[in-house]
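Asks: got a structure for you, letters missing:
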């Protein structure tokens, strides 16, 4: 079918090309005859000039009779209609292509296979107003021989039956040749397919063995993917513990008593929360229980956990969601870790009275936006690389770990914008599959 369709398309293109060549050849031949006839009339007549529309009329009238045309229309160099001969030829206008070619002193031809006669001829019979017939029109530029200034445009009207018959004969020949090529090609294709199927049958047993090997490889890849996710979670735990432990160490070194001050206690509490989060996520991945959680429930859980942090930094937390899709618990756990990490960075970048917005849409996009002062240019250059941080005591691992966690669930984490008006990160989740 594809082979036959290709031949049919090639056949149509060839037919159209031959039609164009036939029309162009007729127009070129008639233009050459017109120039020769024009020179002969000018030499034999005193005062005859192609610059005069009346003289143009005489030349084209004789050319029309000589070539067997039904009649002609005469136009000015600006393509304005001037005259028709005989009077049974209707008034008309030139197409843009005809006008353009005439200004280039080139002839053109068009075949109207089902032209309405009332658009070309005045028959005086109202009952035949919708009668159609093939009409051939040839447009000739009128100019003095060996000069390039257009003096007028003539449009000769011919009966198109002869041209249509010639084209029909050529199309029959092309169709016959196309059928022959199709038959020969189809036979060759059948032979090649027969040999190919025999070779495929011989390879069948080998493919079965390779399929088994591929299944084993897929299992290994799946295990590798899970291992990567667990490694990312472990890195997150180390990153989360670093800053609280540093704060705890500082407080203990400065403390002269046996009790910790309030900031040290808050750091210890955050460290414990991080440990609990990571242990919960590890249990999700190691366990066999799978359940669904909606995006609204996930963001509500985040809001409940993160509101005290935002309040401590005097940052207004806003949650916006129009998403109704569900997530598996394993995927949701990693998404929650990513959002929390980005949210901690955001509140630290905001000044008192700032705003942090977490939004989720139906196209599985989560945005984390703040109205801080934006990231430095040198930080943007190595944003998701380990060590890329703008904080004095930062490890530069947070965003790198978040990127790794996103890759573990086939999601994409990217910086959408960062300027003096704030920073926005986008987490685009993978499409759901049934």
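Replies: Thanks, I have the structure now. If you're wondering where the values come from, they're calculated on a predicted model, not measured in any experiment.

Asks: quick one: mean pLDDT over the host helix or strand of residue 194.
Replies: Assigned by DSSP states H and E, residue 194 falls within helix 161-254. Model confidence over helix 161-254, given as mean pLDDT, is 72.

Asks: quick one, what contacts the spatially closest residue to residue 364 that is not a sequence neighbour?
Replies: Distances taken as Cβ to Cβ, 6 or more residues apart in numbering put residue 429 closest to residue 364, at 4.1 Å, once the chain neighbours are dropped. C-beta here means a position set from N, CA and C on the backbone, and glycine is covered the same way. Residues counted as contacts of residue 429 (Cβ atoms under 8 Å, 6 or more residues apart in numbering) are 327, 331, 335, 364-366, 409, 411.

Asks: measure residue 429 to residue 300 for me?
Replies: Distance from residue 429 to residue 300, counting by Cβ to Cβ, to the nearest Å: 18 Å.

Asks: just how off-centre is stretch 335-349 within its chain?
Replies: On the basis of Cα atoms, centre = their mean, to the nearest Å, stretch 335-349 sits 35 Å off its chain's mean C-alpha point.

Asks: any idea which element the nearest residue to residue 398 once chain neighbours are set aside lies in?
Replies: What sits nearest to residue 398 in space, not counting adjacent residues and going by Cβ to Cβ, 6+ apart, is residue 341, at 5.3 Å. Using DSSP H and E, residue 341 maps to helix 329-349.

Asks: for burial, what's the neighbour tally of residue 331?
Replies: Per other Cβ atoms under 10 Å, the neighbour tally for residue 331 reads 19.

Asks: around the closest residue to residue 87 other than its chain neighbours, how many other residues sit close by?
Replies: Spatial nearest neighbour of residue 87, chain neighbours left out: residue 122 (7.3 Å); criterion: Cβ to Cβ, 6+ apart. When neighbours are defined as other Cβ under 10 Å, residue 122 has 14 of them.

Asks: so how far is residue 89 from residue 122?
Replies: For residue 122, the distance to residue 89 - Cβ to Cβ - is 8 Å.

Asks: domain ranges for this protein?
Replies: Structural domains annotated on the chain: 2-159, 290-434, as defined by automatic domain parsing.

Asks: for those domains, which one sits closest to residue 182?
Replies: domain 2-159 (5.2 Å; Cβ to Cβ).

Asks: ends of the closest one, what's the gap?
Replies: Counting by Cα to Cα, to the nearest Å, you get 39 Å between the two ends of domain 2-159.

Asks: return the distance of that domain from the chain's centre.
Replies: 43 Å.

Asks: how about the helices of the protein, start to end?
Replies: 2-44, 53-67, 96-103, 161-254, 262-286, 295-312, 329-349, 377-381, 398-408 (DSSP state H).

Asks: any chance of these in TSV, plus distance to residue 137?
Replies: Formatted as TSV, those follow (distance: least, Cβ to Cβ, whole Å):
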stretch	distance to residue 137
helix 2-44	10
helix 53-67	12
helix 96-103	9
helix 161-254	11
helix 262-286	78
helix 295-312	67
helix 329-349	69
helix 377-381	66
helix 398-408	67
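
Asks: chain center to stretch 406-425, what's the gap?
Replies: How far stretch 406-425 lies from its chain's middle: 24 Å, per Cα atoms, centre = their mean.

Asks: actually stretch 365-380, not the one I wrote
Replies: Mean-position distance between stretch 365-380 and its chain equals 30 Å (Cα atoms, centre = their mean).

Asks: okay, how far is it across it, tip to tip?
Replies: Taking Cα to Cα as the measure, stretch 365-380 stretches 22 Å from start to finish.

Asks: kindly report the same for stretch 314-328.
Replies: 33 Å.

Asks: mind listing what's buried along that stretch?
Replies: Buried residues in stretch 314-328, defined by neighbour count with 16 or more other Cβ atoms under 10 Å: 315, 317, 319, 321, 323, 326-327.

Asks: identify the farthest-apart pair in the residues you listed.
Replies: It's 315 and 326 that sit farthest apart of the buried residues of stretch 314-328, by Cβ to Cβ, at 29.5 Å.

Asks: on that earlier part again, among the contacts of residue 429, name the buried ones.
Replies: The neighbour-count test (16+ other Cβ under 10 Å) applied to those identifies 327, 331, 335, 364, 366, 409, 411 as buried.

Asks: picking up where we left off before, helices and strands around the helix holding residue 341, which ones?
Replies: Judged by 3 or more Cβ pairs under 8 Å, 6 or more residues apart in numbering; DSSP states H and E, helix 329-349 is in contact with helix 161-254, helix 262-286, strand 292-294, helix 295-312, strand 355-361, strand 365-370, helix 398-408, strand 422-428.
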